[in-house]
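Enquirer: Fold the following, please.
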Amino acid sequence: MGGEFQAAFWAAKRAMATASEEAYKRHGVRAGQQFLLYELWAEDGLTPGELARRLGLAVPTVTRTATRMETAGILRREPHPTDARLVQLRLTERGRELRELMTAEVATLTEKALGTLDQADRERFIAYLDEIRKNLTAPPAV
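Expert: Predicted structure coming up:
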């Protein structure tokens, strides 16, 4: 059972990642940048350090990603209003427009992924995924 689960899980994860990357790429968003976008849509003007903490990433990873996004016209750096050592990452108009486009892409992708499942199966599947996450992140039993 373990091998079958692992094979099915990783194949589905790979397929989802590939489909997501293709959908995002249509809008000029590279893999991984969507996570910064989600955080900035929720709260624009975060520092790279704040984003890194929220996403569980290293600050240099966020900085490199933000540089690519700045080059693509998705965000801009602004001086922090109270700490001259920091910058805030602010969405450009393009970055804000991506929210609606990406939301539509995610909805389309979700429907494609779950299209053969009825509502009850979808709800059970999501619950199973949440249970798997909880099982893998729970502290070890003593």
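Enquirer: My assumption is that Arg90 lies in a strand; please confirm.
Expert: Yes. Under DSSP: H, G, I helix; E, B strand; the rest coil, Arg90 sits within a strand.
Enquirer: what about it, how many residues close to it?
Expert: When neighbours are defined as other CB atoms under 10 Å, Arg90 has 15 of them. C-beta coordinates here come from the backbone N, C-alpha and C atoms, glycine included.
Enquirer: Residues contacting the longest helix along the chain, please?
Expert: Longest helix of the chain, by residue count under DSSP state H: helix 2-25. By CB atoms under 8 Å, 6 or more residues apart in numbering, the surrounding residues in contact with helix 2-25 are 30-31, 33-34, 102, 105-106, 108-109, 112-113.
Enquirer: Just put the residues you listed in a markdown table and tack on pLDDT and secondary structure.
Expert: Putting those into a markdown table (pLDDT from 0 to 100; DSSP: H, G, I helix; E, B strand; the rest coil) gives the following:
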| residue | pLDDT | secondary structure |
| --- | --- | --- |
| Arg30 | 93 | coil |
| Ala31 | 88 | coil |
| Gln33 | 94 | helix |
| Gln34 | 93 | helix |
| Met102 | 92 | helix |
| Glu105 | 92 | helix |
| Val106 | 91 | helix |
| Thr108 | 95 | helix |
| Leu109 | 94 | helix |
| Lys112 | 95 | helix |
| Ala113 | 95 | helix |
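Enquirer: Of these, grab the buried ones for ChimeraX.
Expert: This is the ChimeraX syntax for the buried subset of the contacts of helix 2-25, where burial follows 16 or more other CB atoms under 10 Å:
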select :33,34,102,105,109,113
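Enquirer: Mind picking out the helix or strand in the protein with the poorest mean pLDDT?
Expert: Taking mean pLDDT, DSSP states H and E as the measure, the helix or strand of the chain with the lowest value is helix 2-25, at a mean of 92.
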